[in-house]
Every structure is written in structure tokens, then in C-alpha cells.
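Asks: output the structure for:
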Amino acid sequence: MATLAEVAKRAGVSPATASRIINGSPKPVTEALRERVLAAVEELQYVPNAHAQSLARANRSAIGVIVHDVSDPYFAEITRGLQRVATEHGRLVIICNSYRDPARELEYVELLRAHQVAALVLAGSGYHDEDFTAALVGKLQVYEKGGGRVAVIGRHQHAGDAVVPDNEMGGYLLGTELYALGHERIGVIAGPKLLTTTTDRLSGLRRAARERGHELPAARIAYADFDRDSGAAAAAALLDAEPGLTAIAALNDSMAIGALALLRSRGVDVPGRVSVAGFDDMPVARDVTPALTTVRLPLAEMGARAMTLALDGAGEPGNRIEEVGAELIRRDSAGPAPALP
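Replies: Numbering: from 1, shown residues only. Just a heads-up that it's a prediction; the model follows:
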């Protein structure tokens, strides 16, 4: 692989001059020198060192994105929106998976800061963890004081630009739909207890229950990991503990699909005997059998809006909050409650 020194030697210029021309420095050079250096680059097939270029340029071009798990369809859709806007602006996206590990999330903030990314987007939920939250806010503030920009998706304690989906209203819409269908014995598959997303969606379900004179006892709530397999395991635990459940509300679509698989394996009719509803409206929600009743969040749009906030202005970080509404999508997996003895 050719080096900068070899390019400079072939062009008959100093390495500093070759570097300025290759990296697009505003310092003027003659057209003849420029052509000689670029001809040498072409002849030697020289590829500039990206890290060296980022140090040489006044503006940083990479954007760091921290997600819980990009293989999760929820984050895959958000990342699609993030990358679309970044690509339109000629920016490179560095994606880090925290796997819902707060310590790893802190490490990634430090690592991305060390790489001098122009902005950070935190695309995962906030945590109910005071020590972690204080540490994260401190690191983000240091990063912002150094000129970096931060945007978050979801409810976080960090004061700054945010795209906030109305998870509480989504939970309320989901609960309202199931109670309107006559369901009184509803099991809930919730996400991890530490996440603000879980808390907000559960809060909406509880509000719907209260308005109709019902409650969601702890025995009817199973906490899982926002994935298919844990959703199936949680559905099994709920039904084994209370066989008379007539509906399962899963707080994301992956867990709802796991519940559907569990019910199918037991020969339980959906929605004739047990209705199932999800949350997020992932692309696969309409393709499973029966198609999944769910709450829609515009996931790709949320990612696009967060990246737009992160790239909007190179000066002081803002404090803009963009709220995103939730919408109930009725499909075939939820129907009227059966008449049980």
C-alpha cells in the first residue's frame, strides 16, 4: 500500500504539500502542483488514512450512534432513518450496540468522543438507574462543551435535543382497545424493568384499566427482554399461572410474535380464545398469521428526525423536544373476548 511519502516523492513535492492537496486544505497551491500530486495518487493507487484526514480537517464528519441492539427490528428501522439522513449529508455513521448494558453504553460514549465524532445519537431508552444516569449526563456534558452535539430518542434525563415517542399514550390506546373488546383478564408481557420505555407503556395500560374500573395486578405482568424467545417464555408463564386469560398485550412486536408462536404450539385459537396485541408496528407485524394488532410508531421517521437534530447547526447544543404520536393499528390477532365460564 502506497504511503504519503511515496506520493510526495513521485510528485516532487514535500509530504506537507501533498497532504494539503489530498485533504483539501484551503491553503492555495498552483494548479500544476495539484495536478502532479493527484496524478501521483492515481498512479500509485494511494488511499488516504481516514483518521489522519479527520485530524487534518476542521470539521468532523462521522456521527456516533448508540443503540441497544441493531438486530432488533425496532432499532433496525430507527437506524434506517438515521442513516438515510446521514447519507444525504455525506456523513459516516458509526453504530455501537450496547445490548442494554449501561456500563457498555458509558464506554461507547467515551470511545466515540475519543474518535472525535461530530455528533452522538442515543437511540435506546433511558434507564431507571440514578448512578448510571448521573454518569451519562456528565459524560455527555463534557462532550458537548468540546463542541459535540447530542440527540436522543426516548425519555432520558439528559437536557438537550430529543425525539420522544408517546409511549404512555400508545399503552393507553392498546389497553383501551382490549377493554373495548370485552377483555377483563389481560396478561401483559413487559420489557426490562430498568427501561423508561417499559415504564411508560405500562403506565398507559394501567391508565386504561383504571378508567374502566379494572386493574393490572402484578401476577398478570411478566417482564421479558423485548425479543421473541423471551416473549414466548413470558406468555407460557402467564397462561400457566392463569389459564383464564383472554388477551395478551405485549409491549413490543417481537415479544407478541413469540406469544403467537407459543399459542400456536399449544393449539390455542387466536383470536377466538386468546387475543394478542403488540407495540411498534414492525414491518413483519402485518405478515404473521394472524396479522398483528399493534401500536404504530413511525420508527424510521424517528431516526431521521433525531439525525436531523444532531446535524442541525454546529454551534451550541439546543433543547428541542420533538414529540411523536402513537396510532392503534387493528388487524386480525385481537377480537372480542370469548364467553368463558
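
Asks: quick one: low-confidence parts of the protein?
Replies: By pLDDT under 70, the low-scoring segments of the chain are 49-60, 313-318, 341.

Asks: which residue ranges of it form strands?
Replies: 62-67, 92-97, 119-122, 149-153, 161-165, 186-190, 221-223, 247-250, 275-277, 294-296, 321-324, 327-329 (DSSP state E).

Asks: can you redo those strands as JSON lines with mean neighbour count?
Replies: Every residue, glycine included, has its C-beta placed from N, CA and C. Listed next are the strands of the chain as JSON lines, based on neighbours: other C-beta atoms under 10 Å:
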{"stretch": "strand 62-67", "mean neighbour count": "25"}
{"stretch": "strand 92-97", "mean neighbour count": "17"}
{"stretch": "strand 119-122", "mean neighbour count": "27"}
{"stretch": "strand 149-153", "mean neighbour count": "26"}
{"stretch": "strand 161-165", "mean neighbour count": "23"}
{"stretch": "strand 186-190", "mean neighbour count": "26"}
{"stretch": "strand 221-223", "mean neighbour count": "19"}
{"stretch": "strand 247-250", "mean neighbour count": "30"}
{"stretch": "strand 275-277", "mean neighbour count": "30"}
{"stretch": "strand 294-296", "mean neighbour count": "25"}
{"stretch": "strand 321-324", "mean neighbour count": "14"}
{"stretch": "strand 327-329", "mean neighbour count": "17"}
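
Asks: show me how the protein divides into domains.
Replies: As assigned by automatic domain parsing, the chain contains the domains 4-56, 62-164+299-324, 167-296.

Asks: winner for burial among the ones you listed?
Replies: Most buried of the domains of the chain, by mean neighbour count (mean count of other C-beta atoms under 10 Å): domain 167-296, with a mean of 20.

Asks: and the end-to-end length of that one?
Replies: From its first residue to its last, domain 167-296 covers 10 Å (C-alpha to C-alpha, to the nearest Å).

Asks: cool, and stretch 274-281?
Replies: With C-alpha to C-alpha, one end of stretch 274-281 sits 20 Å from the other.

Asks: and if you look at stretch 272-288?
Replies: Termini of stretch 272-288 sit 16 Å apart (C-alpha to C-alpha).

Asks: does Ala306 really touch Val163, like I thought?
Replies: Yes - the pair Ala306 / Val163 is scored as a contact, 4.6 Å apart, by C-beta atoms under 8 Å.

Asks: intersection of neighbour lists for these two?
Replies: Common neighbours of Ala306 and Val163, counting by C-beta atoms under 8 Å, 6 or more residues apart in numbering, are 151-153.

Asks: can you map out the helices along the stretch 201-341 of the chain?
Replies: Under the criterion DSSP state H, counting those that start in this stretch, helices of the stretch 201-341 of the chain are mapped to 228-241, 253-265, 299-311.

Asks: name the helices or strands packed onto the last one?
Replies: Right, the one you point to is helix 299-311. Applying 3 or more C-beta pairs under 8 Å, 6 or more residues apart in numbering; DSSP states H and E, we find helix 299-311 packed against strand 62-67, helix 73-88, strand 119-122, strand 149-153, strand 161-165, strand 321-324.

Asks: now do 6 Å
Replies: For helix 299-311, the packing partners by 3 or more C-beta pairs under 6 Å, 6 or more residues apart in numbering; DSSP states H and E come out as helix 73-88, strand 119-122, strand 149-153, strand 161-165.

Asks: got the domains of the chain as a markdown table, with distance to Gly335 columns?
Replies: Shown next, in a markdown table, are the domains of the chain (distance: least, C-beta to C-beta, whole Å):
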| stretch | distance to Gly335 |
| --- | --- |
| domain 4-56 | 55 |
| domain 62-164+299-324 | 25 |
| domain 167-296 | 4 |
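
Asks: on that earlier part again, pick the one among the shared contacts of Ala306 and Val163 closest to Arg273.
Replies: Nearest to Arg273 among the shared contacts of Ala306 and Val163, counting by C-beta to C-beta, is Ile153 at 36.9 Å.

Asks: how far away is that closest one from Leu173?
Replies: Applying C-beta to C-beta, to the nearest Å, the value for Ile153 to Leu173 is 20 Å.

Asks: for Leu106, same thing?
Replies: 34 Å.
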